[in-house]
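Chemist: how would this look folded up:
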Amino acid sequence: MPELVLWDIDHTLTATRGLGRELWAAAFEQVTGVVMREQADVTGSTERVILRETARLHGIPYDEGMFARFAKVLGALHVRRAAELRERGHALPGAASVLAAVADRGVRQSVVTGNVRVAAEVKLAVFGLDAYMALDEGAYAEDGDRRPGLLRAALARAGVAQEKAVFLGDTLADVAGGRAAGVRVVAVATGRTSAVELEDAGADVVLENLLPTEHVLAVLGV
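Modeler: Here you go, the predicted model:
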């Protein structure tokens with residue numbers, strides 16, 4: 001049985017149905033003074049990398065001070081529009097049931113996400129998923145650029161060895177990050193990446209979704 005289950009958030013546990021991009025664009029404009037014309041590829045990336053590359057696309061110099069301001073603004077926008085997020089978005093089918101069942105078995109859970117921390121907390125809270133998570137043991141966009149580093153940060157915070165953890169995500173970056181960090185990877189084909197692509201990338205197991213709960217628990221080994 002694993003000691004720690006780590007979850008990606010976007011398209012693994014939740015979907016914002018377009019509101020996430022709206023909030024991102026609003027934060028970008030507020031921080032840079034420039035209307036966002038296009039956004040760098042967000043699939044499997046972190047907010048820090050997306051901001052840096054989106055700034056480059058607009059000819060705007062990037063520095064870490066910009067990211068710090070952006071993280072603060074983006075988090076505040078999520079807090080301010082949490083009710084709208086609850087109305088427009090949703091937890092993915094099976095997510096709440098699996099999280100509750102894993103918690104009932106006494107296994108710790110947290111997140112490894114490219115979101116800034118406040119945004120991650122809001123996304124989980126509005127759909128009732130935060131109660132199952134030890135969020136202080138997670139890793140967020142503030143912690144680095146890439147998934148392997150984020151996973152290692154979460155493992156260190158939790159005090160769990162890599163072989164005692166399992167990570168669930170929906171992108172090729174999640175799979176590659178998990179493999180690089182030495183954790184077991186369960187990929188979920190609920191995002192933009194197909195089950196075949198996730199399997200070819202080297203995921204230990206690929207699920208079409210988080211249903212039924214008992215099957216997911218068996219895959220996780222809890």
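Chemist: Show residues contacting stretch 29-38.
Modeler: 24-25, 28, 54-55, 57-58, 60, 66, 69-70, 73 (C-beta atoms under 8 Å, 6 or more residues apart in numbering). In short, each C-beta sits where N, CA and C put it, glycine included.
Chemist: Please apply the same query to stretch 115-124.
Modeler: Around stretch 115-124, the neighbours that count as contacts under C-beta under 8 Å, 6+ apart are 9-10, 13-14, 16, 23, 47, 70-71, 74-76, 78-79, 82, 85, 89, 111, 113, 130, 133, 135, 138, 140-142.
Chemist: again with stretch 42-49
Modeler: Contacts to stretch 42-49, defined as C-beta under 8 Å, 6+ apart, come from residues 21, 40, 50, 67, 70-71, 74, 114-116, 119, 141-142, 144-147, 150, 169, 171-174, 191-193.
Chemist: returning to that earlier point: show me which of the contacts of stretch 29-38 is closest to Val186.
Modeler: Proximity of those to Val186, judged by C-beta to C-beta, is greatest for Trp24, which lies at 27.4 Å.
Chemist: which one is Leu217 nearest to, not counting chain neighbours?
Modeler: Once flanking residues are discounted, Leu217 sits nearest to Ala101: 5.7 Å by C-beta to C-beta, 6 or more residues apart in numbering.
Chemist: Tell me which residues touch that neighbour, please.
Modeler: Shown here is Ala101, whose contacts under the criterion C-beta under 8 Å, 6+ apart are 213, 217, 222.
Chemist: and it, what element?
Modeler: Per DSSP states H and E: Ala101 is located in helix 95-104.
Chemist: Which neighbours in the sheet does the following helix or strand past that helix have, and how are they oriented?
Modeler: Toward the C-terminal end, the helix or strand that comes next after helix 95-104 (DSSP H and E) is strand 108-111. Using DSSP bridges, the strands paired with strand 108-111 are strand 4-7 (parallel).
Chemist: Would you mind measuring from the residue lying farthest from the centre of the chain to Gln162?
Modeler: Going by C-alpha atoms, centre = their mean, the residue of the chain most distant from its centre is Gly59, 27.8 Å out. Shown here: Gly59 relative to Gln162, a distance of 41 Å by C-beta to C-beta, to the nearest Å.
Chemist: And Pro148, by the same measure?
Modeler: If you measure Pro148 against Gln162 using C-beta to C-beta, the figure is 11 Å.
Chemist: now swap in Val183 and tell me
Modeler: According to C-beta to C-beta, Val183 stands 5 Å off from Gln162.
Chemist: Overlap of the contact sets of the two?
Modeler: With contacts taken as C-beta under 8 Å, 6+ apart, Val183 and Gln162 have Leu155 as neighbours in common.
Chemist: Report the buried residues of the helix holding Ala101.
Modeler: Residues of helix 95-104 classed as buried: 95-99, 101-103 (neighbour count, 16 or more other C-beta atoms under 10 Å).
Chemist: Stretch 121-132 now?
Modeler: The neighbour-count criterion (16+ other C-beta under 10 Å) identifies 121-127, 129-130, 132 as the buried residues of stretch 121-132.
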